[in-house]
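1. Would you be able to build a 3D model of this:
(3 chains)
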Amino acid sequence: MKRNADFEIERRRTENKNRVLKIVTYFGLSIWAVLVLFPFYWMVLTSFKSYGAYNAEHIPVFFTLAPTLQNYKEAFTAVPLGKYLLNTLIFSVFTTAAMVAVSTLAAYAFARLRFRGRNLLFGIFLSMMMIPSELVVITNFVTITELDLRNSFLGLILPSITSVFYIYLLKESFEQVPDELYKAAKVDGTSDFKYLLKVMIPICRPTIITIMILKLIECWNSYIWPRLITDDQAYFLVSNGIQEIRENGFGRENIPAMMAAVVVISVPLIILFLIFRKKIMEGVSRGGMKG
Amino acid sequence: MEVKLKNITKRFPGRGRKEERETVAVKDLSFDVPDGTLVGLLGPSGCGKTTTLNLICGLENPTDGRIFFGEEDVTDLPPELRGVGMVFQNYALYPHLTVLQNILFPLENLKGKNRLSKKEMNDRAMEAARLVQIEGLLERKPKELSGGQQQRVAIARALVKMPRVLLLDEPLSNLDARLRLQTREEICKIQKKTGITTLFVTHDQEEAMSISDRIVVMRDGVLMQEGKPQQVYDDPVNLFVAKFLGTPPINVFEAEVKDEVLYFSEQPVLEVKNVKDQPVWAGVRPEGFVPGKDGPVICELDRVEVLGRDISVVCRHAACQAENVRAIINSEHELESGLGKVSFSLKPEKVFLFGRGDEERIPFGASCVSDSGN
Amino acid sequence: MNQNSNRAWLYLLPSVLLLVVFLIYPLIDVFIYSAEEGYNFASQTHSGVGTYNYSYVLHDPYFLQALKNTFILVIITVPVSTGIALLISAMLSSIRPLRQLYQTVYFLPYVTNTLAVGLVFMVLFQKTEYTDGLVNLMLQWFGGETVDFIDGPYWAKMFVLCFYTIWVVMPFKILVLTSALASVNPDYYRAARVDGTPKLRIFTKITLPMIAPMIVYLVITGFIGAFKAYSDAVALFGTDLNAAGMNTIVGYVYDMLYGDSGGYPSYASAAAIILFVIVLTITCINLLVSKRQLEN
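-> Predicted structure coming up:
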């Protein structure tokens, strides 16, 4: 059959074309993967090179034969990296906890309780999502300064607590809980608050965990606000700490020690990410934005 | 164009994980779609009928077996070279294109010697639109159309390439009951007008029976029976086919054959010649009951539903598999029900026997045991 | 009802209080600040009301430099990052094996500290008296001249800044686009295959229009985000961005507020409002254009 033979050639050709396309695809994807991973590789690699060896490399070397932990020791002793980490941990945990508490209460009121002006107030809340933080940070800076809260955890935490976006996410999730459960609880004489604690929060735990993780990441990486209101190293977070290290730390050129500090700062979040990968990616794709 | 499937098998490989075993969607399937006919591919969901459609269309390749369009072996051809038109269950109309652009889309893909000029394309599109009567909707977007209109656009888009074979996947399942009736007639009419060989998939036996020239019944990827709708209905090869076809469904009794007589709960009801003594399933079509005082099948009357020309008698019998026995009888019959009981005799051509184990049909020759009702 | 209402307000009290103090009041206040001329931070007094602050900011060479830097950054990074993200997402959607691995890797920059990883980029691009740095080494492999990307010519610094910004914003864009691509009903592709539609035509005629709303969303958020660029620049060039000539508008605002050159909340407010007006204008134009595009 002539026709079939033609088709056979045609089919071979498209098959070959598809194979080439596949190779190109994997190649392209791998290039971006290398671009993403290489900085991480370089920072880990450099953090294990000794100071002397690094500075002797006029041409950078892609591996090291004499890994050393000296830089990590340096990072924790020459600069108060441990203190920065602890500060960040305190700041992140307290801010996140306060955020979850405040947002849960507000979301519950919006989702379940009936009161006059509810829709109007929720509309106002939503419109507040559009206020850029750059506009309000100026007055907040003045406010905190006047309250004499500079260089204090309270000053760091207070303006970082509310997030309209998370209230919105939680409200959506609360509204998924069927009305009948609320009515049944009312019949049994359960108070609103007890219902929130015993029914709503357990049912909506996945969402709550998602926003907790997202907020933790946000806190861990926050830079601008902490920089504005802390100038005492005792209250520096890791972002400010690393900037401080860069400018006045280890003596300007101790890059391996700097990289060790960078590794120490990055690892907690990467571990968190690898554990909660699905939740984080899902939460972010639902409308999270960096910063 | 005649479509021939020869020993088609389709296996889907498991996906790495242990739970996902290899699945056999279609197993050793052979049937013909004669040229110019409308054939319904029928079966419960998950029986492999959509996979079969995709195999014919070329979206999937069979693991084994060959597919022929007429004399030509198309098994290894990609879909675009097979000359098939396909209407998807959800119509798959491109939402950002107008109706006309949707219909033109397949034509714009043609290249080489098949390439058409702008005018030819437009003429072809208009012709297809006229065929399904959507000339007035050409500038609309799909979301501005009703379900029935979308369906027609999808058919027009499939027909515009002048395919050799038209395939429809559950064409009516997304429509409401009234539209369904209207649309199935429409499909039948379009098929007759164009004379194009058409295969459609459905899980609704009524739909398949009403418009198909032939039906193909499948179960778990295996062909059960194939033939003209009436023929399959009147002569099912096994219990599954008997149960699957007909509304209301066939009544199945737990019965026994002793000395060439069929017994329901120790009560002789019908003479069945040439059948060995054995327990059987006895299927009785609703229209197979004849009411009569001395009828051997005695049921407890539940209620009588008036359908107009017919009446539907809902009653109970101890041997019946379902909760109720449902009999459809002509409303001219007088229903005598003393003490809440009603008796029937059976029309032997409406009674089918099936083996208890394999559920295969057991043929019998018959004359009624007590033909006394009239 | 009334009692119910009171209880609801009790639940809302903490968030409302915080929002009023740290969001609504400051929003109003920033406009007041921007109009108060000759504001003195120490005594909290001002000499008059007017538009002087705006005119000062608009004539400040540092601000103009920051404006220029920000616009260049926006114009380069938004289209480039969206384009590459689209390409990568399309490639990602076309494969099955290793897809999850790639997706995980691509998301990594999202969860890293911008300041910390910025240091790594600095090390990679920097040229010091000891070493030319890795990027320059590679440039030499391909026969290029070495350049100090961190302390050298303007275009080199701008290149690194754009590169790093794209690296940082990519995870979000890839994530959004891959999920947009995944949400396209596969029946459309099957229908196109039955019609023998070539791959490129499927992409431009079916895929792109279907995910167009998501692309618009990414472009708009991309513009907003890029206009607010700041920490990426700090990470690469240090806190004294004015000296490096790499300041951004947001950086200018903060420098006016605090630090060695700080103490001028009025100027900072005026600059912040100018930024806000720019972002608002661009967003509106974006919305109008994309609306018209989507309608066609």
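
2. Tell me the residues of the stretch 151-296 of chain C that contact chain A?
-> Residues of the stretch 151-296 of chain C found near chain A, taking CB under 8 Å from any CB of the partner chain as the criterion, are C:167-170, C:172, C:175-176, C:179, C:199, C:221, C:224-225, C:228, C:230-231, C:234, C:238-239, C:250, C:253-254, C:257-258, C:265, C:268-269, C:272-273, C:275-276, C:279. (Glycine included, C-beta is placed from N, CA and C.)

3. what's around the closest residue to residue B:330 other than its chain neighbours, how many residues?
-> In space, and not counting its chain neighbours, residue B:330 is closest to residue B:310: 6.1 Å by CB to CB, 6 or more residues apart in numbering or on different chains. When neighbours are defined as other CB atoms under 10 Å in any protein chain shown, residue B:310 has 17 of them.

4. Which pLDDT value goes with residue B:310?
-> If you check residue B:310, the pLDDT there is 86.

5. got it, and the one 10 residues further on?
-> Predicted confidence (pLDDT) at residue B:320: the value is 88.

6. residue contacts, it?
-> With contacts taken as CB atoms under 8 Å, 6 or more residues apart in numbering or on different chains, residue B:320 has the following neighbours: B:251-254.

7. returning to what we had before: and the residue nearest to residue B:330, what is it in contact with?
-> The contact partners of residue B:310, taken as CB under 8 Å, 6+ apart, are B:328-331.

8. For chain C, which segments are assigned as strands?
-> For chain C, applying DSSP state E gives strands covering C:36-37, C:48-49.

9. who's in contact with the last one?
-> Spelled out, it's strand C:48-49. The list of residues contacting strand C:48-49 from outside it, by CB under 8 Å, 6+ apart, reads C:35-38.

10. ok, now stretch A:176-188?
-> With contact meaning CB under 8 Å, 6+ apart, stretch A:176-188 is reached by A:112, A:195, A:199-200, A:203-204.

11. among the strands of chain C, where is the model least confident on average?
-> Of all the strands of chain C, the minimum mean pLDDT falls on strand C:48-49 (a mean of 79).

12. residue ranges with poor pLDDT in chain A?
-> Counting by pLDDT under 70, chain A has low-confidence residues at A:1-7, A:251-252, A:287-291.

13. for it, longest helix please?
-> As far as residue count goes, and with DSSP state H defining each element, the longest helix of chain A is helix A:2-47.

14. residues from the stretch 101-250 of chain C in reach of chain B?
-> So the stretch 101-250 of chain C meets chain B at C:185, C:187-188, C:190-198, C:201, C:205-206, C:209-210, C:212 (CB under 8 Å from any CB).

15. Please, which helix or strand holds the residue in the stretch 51-200 of chain B positioned nearest to chain C?
-> Using CB to the nearest CB, the point where the stretch 51-200 of chain B gets nearest to chain C is residue B:80, with a distance of 2.3 Å. Assessed by DSSP states H and E, residue B:80 sits inside helix B:79-82.

16. That helix and chain A, any residue contact?
-> Yes: between helix B:79-82 and chain A, judged by CB under 8 Å from any CB, the touching residues are residue B:81.

17. quick one: contacts of that helix?
-> With CB under 8 Å, 6+ apart as the criterion, helix B:79-82 contacts A:7, A:10, B:57-59, B:69, B:74, B:86, B:109, B:164-165, C:193-196.

18. which stretches of the stretch 51-200 of chain B form strands?
-> Using DSSP state E, counting those that start in this stretch, the strands found in the stretch 51-200 of chain B span residues B:64-69, B:72-73, B:84-87, B:165-169, B:197-202.

19. elements contacting the second one?
-> Think strand B:72-73. For strand B:72-73, the packing partners by 3 or more CB pairs under 8 Å, 6 or more residues apart in numbering or on different chains; DSSP states H and E come out as helix A:2-47.

20. what's the following helix or strand after the helix it packs on?
-> In the C-terminal direction, the helix or strand that comes right after helix A:2-47 (DSSP H and E) is helix A:51-56.

21. deepest of the strands of chain C, which one?
-> Mean neighbour counts were taken over the strands of chain C using mean count of other CB atoms under 10 Å in any protein chain shown, and the top value, a mean of 18, falls to strand C:36-37.

22. what lines up beside it in the sheet?
-> Applying DSSP bridges, strand C:36-37 is found paired with strand C:48-49 (antiparallel).

23. Quick one: distance of the longest helix along chain C to the chain centre.
-> If each helix of chain C is counted by residues according to DSSP H, the longest one is helix C:61-93. Centroid separation for helix C:61-93 versus its chain: 8 Å, with CA atoms, centre = their mean, to the nearest Å.

24. Contacts only, for the residue lying closest to residue C:105 once chain neighbours are set aside.
-> Ranked by CB to CB, 6+ apart and with sequence neighbours excluded, the top spatial neighbour of residue C:105 is residue A:33, at 4.9 Å. Shown in contact with residue A:33 (CB under 8 Å, 6+ apart): C:102, C:105-106.

25. got the domain boundaries for chain C?
-> Recorded structural domains for chain C (assignment: automatic domain parsing) are C:1-50, C:60-295.

26. now these in JSON lines, with distance to residue A:169?
-> Written out in JSON lines, the entries for the domains of chain C read as follows (distance: least, CB to CB, whole Å):
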{"stretch": "domain C:1-50", "distance to residue A:169": "14"}
{"stretch": "domain C:60-295", "distance to residue A:169": "16"}
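
27. Quickly, which of the ones you listed bottoms out on average pLDDT?
-> Comparing the domains of chain C on mean pLDDT, the least confident stretch is domain C:1-50, scoring a mean of 84.

28. ok so, going back, of all the contacts of residue B:320, which comes closest to chain C?
-> If you rank the contacts of residue B:320 by distance to chain C using CB to the nearest CB, residue B:252 comes first, at 38.0 Å.

29. The closest one should be in a strand, yeah?
-> Yes: secondary structure of residue B:252, determined by DSSP: H, G, I helix; E, B strand; the rest coil: located in a strand.

30. Next, work out how far apart the closest residue to it other than its chain neighbours and residue B:122 are.
-> The shortest distance from residue B:252 to any non-neighbouring residue, by CB to CB, 6+ apart, is to residue B:321 (4.3 Å). Using CB to CB, to the nearest Å, we find residue B:321 at a distance of 59 Å from residue B:122.
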